[in-house]
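Student: this one's structure only:
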């Protein structure tokens, strides 16, 4: 188990794109709750949508975060979560299920605006961050 927070892709993209409120929110999490982490899959998602002018800011933000790998147990847990929730009538993507499984494996609360995509983390989601206008 780690101290800190796992940060979802949407929050990082908002910070990279210059949303001051998002930078301030991430800084407050570091001050009050320890280091920030992201999944290796989040890195892939962030880089796949990065604009050329965002390279420096992207690397700066990713450089201060811990990166959590997808292990075989995490992959198995992600598949089981997706299967379980599909049987309940929900269609979640494997990336989100892998991020959820990573949060569970490391005992980290997830920082996201997409709380509806993570009902399996209801007890370990942070209160929803302030919406960015």
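Tutor: On my side now, so go ahead. In this text the structure is predicted, and so the values were computed from the model without any measurement.
Student: contacts, neighbours, all on C-alpha from now
Tutor: Will do.
Student: let me know the next secondary structure element after the lowest-mean-pLDDT helix or strand in the chain.
Tutor: Among the helices and strands of the chain, helix 20-33 carries the lowest confidence by mean pLDDT, DSSP states H and E, at a mean of 85. Counting by DSSP states H and E, the element after helix 20-33 in chain order, helix or strand, is strand 36-39.
Student: quick check: which ranges of the chain have low pLDDT?
Tutor: For the chain, applying pLDDT under 70 flags the ranges 1-2, 126-133.
Student: strands along that one, start to end?
Tutor: 5-7, 36-39, 66-68, 110-111 (DSSP state E).
Student: need these in TSV with mean neighbour count, can you?
Tutor: Below are these laid out as TSV (neighbours: other Cα atoms under 10 Å):
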stretch	mean neighbour count
strand 5-7	26
strand 36-39	23
strand 66-68	17
strand 110-111	27
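Student: Serialize those strands to TSV and add fields for distance to residue 89.
Tutor: Formatted as TSV, those follow (distance: least, Cα to Cα, whole Å):
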stretch	distance to residue 89
strand 5-7	26
strand 36-39	26
strand 66-68	29
strand 110-111	23
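Student: which among the ones you listed is found nearest to residue 122?
Tutor: Residue 122 lies closest to strand 110-111 among the strands of the chain, at 9.7 Å (Cα to Cα).
Student: contacts for the longest helix anywhere in the chain?
Tutor: Longest helix in the chain by number of residues (criterion: DSSP state H): helix 72-87. Contacts of helix 72-87 with the rest of the structure, by Cα atoms under 8 Å, 6 or more residues apart in numbering, involve 91-94, 97-102, 105.
Student: of the residues you listed, buried ones?
Tutor: 97-102 (16 or more other Cα atoms under 10 Å).
Student: correct me if wrong: residue 23 contacts residue 15.
Tutor: Yes. Between residue 23 and residue 15 a contact is recorded at 5.3 Å, counting by Cα atoms under 8 Å.
Student: got the contact list for residue 95?
Tutor: By Cα under 8 Å, 6+ apart, the contact list for residue 95 reads residue 41.
Student: hmm, try it at 10 Å
Tutor: 39, 41-42, 45, 78, 101 (Cα atoms under 10 Å, 6 or more residues apart in numbering).
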